[in-house]
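In: Need coordinates for the below:
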Amino acid sequence: MDQTVARRSSIKKIGMAFAALFGIGTAQAMDRRKTAVKEVVGTIYEDQDIPLFSGAVKHGNTLYIAGKGAHFDGDIKAHTDHVLKELEKELVKNGSSMEQVLKVNVYLADLADYKKMNEVFRGRFGKNPPVRTTVATYGGVPGDSLVEMDCIAAVD
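Out: Below is the predicted model:
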């Protein structure tokens, strides 16, 4: 037991020395985390007083946008175009842009639509596209959308 305590103490000292070397005190770093407050910038109510989820949240210089779908008749290309335009509207409204997107999650109702979705997706985020995960959902995307996307972006 004493060896574990000594090891933790040594690791903590090394971490503090590393932080001091790079000009970041441990207390300073902790204060920064405390001052970055979550700001809900868009809410989904679904006919109830308490929201089901937030449509967009800012935390520091990061914007998190909830999944956007396309809830109309159309093919995967029309749905993908619509979803990307909805993401862009939310990004711009909150001080960001498609070029500042860091991560996108793509949820397909049918993995067979992957190539056609990519045709519309390609180039929409500038010449340096974000990190992306694409999965096919079991049972489809909520609201009968052929695709849903959410993203994380930097904010100016």
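In: so what's Glu24 scoring on pLDDT?
Out: For residue 24 the amino acid is Ile, not Glu. Ile24 carries a pLDDT value of 48.
In: ditto for Glu39
Out: For Glu39, pLDDT reads 75.
In: Where does it sit: helix, strand or coil?
Out: strand (DSSP: H, G, I helix; E, B strand; the rest coil).
In: who touches the closest residue to it other than its chain neighbours in this structure?
Out: Closest residue to Glu39 apart from its sequence neighbours, by C-beta to C-beta, 6 or more residues apart in numbering: Lys58 at 4.5 Å. Backbone N, C-alpha and C define where each C-beta goes, glycine included. Lys58 is in contact with 38-39, 41, 64, 94, 155, counting by C-beta atoms under 8 Å, 6 or more residues apart in numbering.
In: gap between Pro51 and Val57?
Out: Between Pro51 and Val57 the computed distance is 11 Å (C-beta to C-beta, to the nearest Å).
In: Between those two, which has more neighbouring residues?
Out: Set side by side, Pro51 and Val57 show more neighbours around Val57, with 18 against 13, by other C-beta atoms under 10 Å.
In: how close does the more buried one get to Ile65?
Out: Counting by C-beta to C-beta - Val57 and Ile65 are separated by 8 Å.
In: what does Asp156 give?
Out: Asp156 is 16 Å from Ile65, by C-beta to C-beta.
In: Of these two, which one has the most company?
Out: Ile65 (26 against 8).
In: That one contacts Val155, correct?
Out: No - under the criterion of C-beta atoms under 8 Å, Ile65 is not in contact with Val155, lying 11.1 Å apart.
In: Residue ranges of each domain in the protein, please.
Out: Segmentation of the chain into domains, based on automatic domain parsing, reads 1-35, 36-154.
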